[in-house]
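Undergrad: Sequence first, then the predicted structure, then my questions.
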Amino acid sequence: MPKTMFKDDGEVGAIHYGHIYTRYNMFIDKPVVGISTKDAEKLKKVNKGDLVIARTSENIDDVMKTVAYLGEKTVVAGGHSTIFRHKENPKYLSYVLNGADYAIKQKNKMARGVKVIELSTADMEKIKIPLPSLQVQEYIVSILDKFDTLVNDIKSGLPKEIEERQKQYEYYRERLLSFKKS
């Protein structure tokens with residue numbers, strides 16, 4: 001999917017492999033670019049719950065970066081990505097593939113290349129990860145989502161906590177440093 005396909009008024013959402021590690025975190029509801037319906041016919045379809053995995057990158061860290069597509073409308077992806085359909089919790093799989101040490105170590109052993117790092121779909125299929133029941137996956141995701149919110153959400157997470165502690169500090173500093181006149 002060359003960038004020349006991107007249209008401001010594109011009818012079909014498109015997940016470009018380069019955006020997987022530059023514009024997206026681990027989950028997306030809506031791609032940042034669109035393309036024409038005609039161009040979309042030639043590309044891989046991505047449905048709700050599918051994982052889109054970057055197969056190539058300029059560095060080992062970004063190869064196999066994964067996003068779980070959570071949107072309702074079918075979108076498309078291009079050639080340097082792999083679409084993974086499954087019956088598991090997509091957020092659980094994205095958390096594991098993006099951050100679990102055991103998955104990253106396996107990926108790093110199989111990645112090939114110098115200037116462009118690649119990982120084949122066949123090699124990706126060899127990566128072993130634990131798959132607990134869907135109920136346990138959902139529980140793990142709920143904990144990780146809460147932690148992600150705590151760390152990254154400016155309204156309710158760590159930045160908000162820091163702001164509140166700063167106000168508390170200033171209040172007590174003023175109380176401790178203000179003396180009654182005798």
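TA: That came through fine.
Undergrad: same question for whichever strand or helix holds residue 145, mean pLDDT?
TA: Taking DSSP states H and E as the definition, one finds residue 145 inside helix 134-152. The average of the pLDDT scores along helix 134-152 is 88.
Undergrad: CA-only coordinates of it in CSV, if you can.
TA: Output in CSV follows, covering the C-alpha atoms of helix 134-152 (Å, rounded to 0.1, in the frame of the first residue of the first chain):
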residue,chain,number,x,y,z
LEU,A,134,-10.9,-16.5,27.6
GLN,A,135,-12.2,-15.7,31.1
VAL,A,136,-8.6,-15.5,32.4
GLN,A,137,-7.5,-13.5,29.3
GLU,A,138,-10.3,-10.9,30.0
TYR,A,139,-9.2,-10.7,33.6
ILE,A,140,-5.6,-10.1,32.6
VAL,A,141,-6.7,-7.4,30.1
SER,A,142,-8.9,-5.7,32.7
ILE,A,143,-5.8,-5.3,35.0
LEU,A,144,-3.5,-4.2,32.2
ASP,A,145,-6.1,-1.7,30.9
LYS,A,146,-6.4,-0.2,34.4
PHE,A,147,-2.7,0.0,34.7
ASP,A,148,-2.4,1.6,31.3
THR,A,149,-5.0,4.2,32.2
LEU,A,150,-3.2,4.9,35.5
VAL,A,151,0.1,5.5,33.7
ASN,A,152,-1.1,7.2,30.5
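Undergrad: Any buried residues in that helix, and which?
TA: By 16 or more other CB atoms under 10 Å, the buried positions in helix 134-152 come out as 137, 140-141, 144, 148. Backbone N, C-alpha and C define where each C-beta goes, glycine included.
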